[in-house]
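> I would like the atomic coordinates for the input below:
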Amino acid sequence: MNDIAIRHDTQRQRFDTEVEGHVAHLEYRLKGDVLVITHTEVPESIGGRGIAGKLVRTAVEYARDAGLKVAPVCSYSAEWMERHPEYAGLRA
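Below is the predicted model:
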């Protein structure tokens with residue numbers, strides 16, 4: 001699923017993508033210089049394809065590029081960051 005397009009909606013503070021008519025998204029909030037990931041959701045019908053991981057990676061890389069730290073509050077994002085120690089320095 002490397003070819004899925006992730007959109008960043010700064011007004012709604014979320015990253016999302018549409019796959020086969022289903023929308024998957026990651027919600028965050030900015031708290032000072034910290035991007036707090038609050039929720040990641042992928043519909044079951046399109047699950048198991050790495051979409052949630054791509055959403056989290058996109059959010060974490062956005063935070064890095066913007067000079068922000070990341071607080072992975074939702075359980076999926078916290079587990080993802082544990083599995084990707086190359087991003088450990090971004091943890092708030």
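> check contacts around the residue most central in space within the chain.
Residue closest to the mean C-alpha point of the chain, counted by C-alpha atoms, centre = their mean, is Val56 at 2.5 Å. If you count contacts by C-beta atoms under 8 Å, 6 or more residues apart in numbering, Val56 has them with Leu26, Ile37, Thr40, Pro72, Tyr76, Ser77, Trp80, Met81. C-beta here means a position set from N, CA and C on the backbone, and glycine is covered the same way.
> now Ser45
Contacts here follow C-beta under 8 Å, 6+ apart; on that basis Ser45 touches Glu20, His22.
> surely Leu30 meets Gln13?
Yes - Leu30 lies in contact with Gln13 (C-beta atoms under 8 Å); the separation is 7.0 Å.
> just the buried positions in the strand or helix carrying His25, please.
Taking DSSP states H and E as the criterion, the element that holds His25 is strand 22-31. Neighbour counts using 16 or more other C-beta atoms under 10 Å place Ala24, His25, Leu26, Glu27, Tyr28 of strand 22-31 among the buried residues.
> can you check stretch 12-23 too?
Residues of stretch 12-23 classed as buried: Arg14, Phe15, Asp16, Thr17, Val19 (neighbour count, 16+ other C-beta under 10 Å).
> closest to Glu61 among those residues?
Using C-beta to C-beta, Phe15 comes nearest to Glu61 of the buried residues of stretch 12-23, at 10.5 Å.
> quick check: beta-bridge partners of the nearest residue to that closest one once chain neighbours are set aside?
Taking C-beta to C-beta, 6 or more residues apart in numbering, and ignoring the residues beside it in sequence, Phe15 has Leu26 as its nearest neighbour in space, at 4.6 Å. With beta bridges defined as DSSP bridges, Leu26 has these partners: Phe15, Thr40.
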